[in-house]
Structure formats: structure tokens, C-alpha cells
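Student: Any chance you can model this:
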Amino acid sequence: MNIAHTYFQQQLKSEAFRHAYFEEKAKLDIEYQLEELKQAIRIKQPIEELLRRIDDIERYVMAV
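Tutor: As a prediction, the model looks like this:
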């Protein structure tokens, strides 16, 4: 196990760090999914595909 991984594991023991980390991770995940959706709209993917992507984002948001 390297130093960075060990340090990260120690930081995860802190409730404040863990909350901030997972909150930021969720924001980045949603941002990435929205960028993918925008790209799909730009290239005019079929409406069923766009709706599937929206449903995926919605499910993710409800899960976090």
C-alpha cells in the first residue's frame, strides 16, 4: 500500500472528510453524466437513448 492510499484511508475515518469527499464525488459524477447527455443531444441521438440517459441521471440523483 503506498503512502497516498494509506493517507486517504486515514482521512476517510473522519466523518467530515468522508461526507465532503462523497458529496464532491457525486457532484462530479452528475456533471460528467450531464456532459454526456449534452453531447448525445448535439449528435442528435434517438429520443429513446436521450430518455434513457435522463432516467439514469435521475436514478443516480435519487440514490445519493
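Student: L12: what's it in contact with?
Tutor: Residues in contact with L12 (Cβ atoms under 8 Å, 6 or more residues apart in numbering) are 18, 21. All C-beta atoms are positioned from the backbone trio N, CA, C, and that covers glycine.
Student: Tell me how far it lies from L28.
Tutor: 17 Å (Cβ to Cβ, to the nearest Å).
Student: shouldn't D56 be in contact with E36?
Tutor: No. Under the criterion of Cβ atoms under 8 Å, D56 makes no contact with E36, lying 9.4 Å away.
Student: Where does the residue nearest to the spatial centre of the chain sit, in terms of helix or strand?
Tutor: Nearest to the mean C-alpha position of the chain, by Cα atoms, centre = their mean, lies D29 at 1.6 Å. Here D29 sits within helix 15-42, counting by DSSP states H and E.
Student: Tell me the buried residues in the helix or strand that comes right after that helix?
Tutor: Using DSSP H and E, the next helix or strand after helix 15-42 towards the C-terminus is helix 47-63. Across helix 47-63, burial judged by 16 or more other Cβ atoms under 10 Å covers 53, 57.
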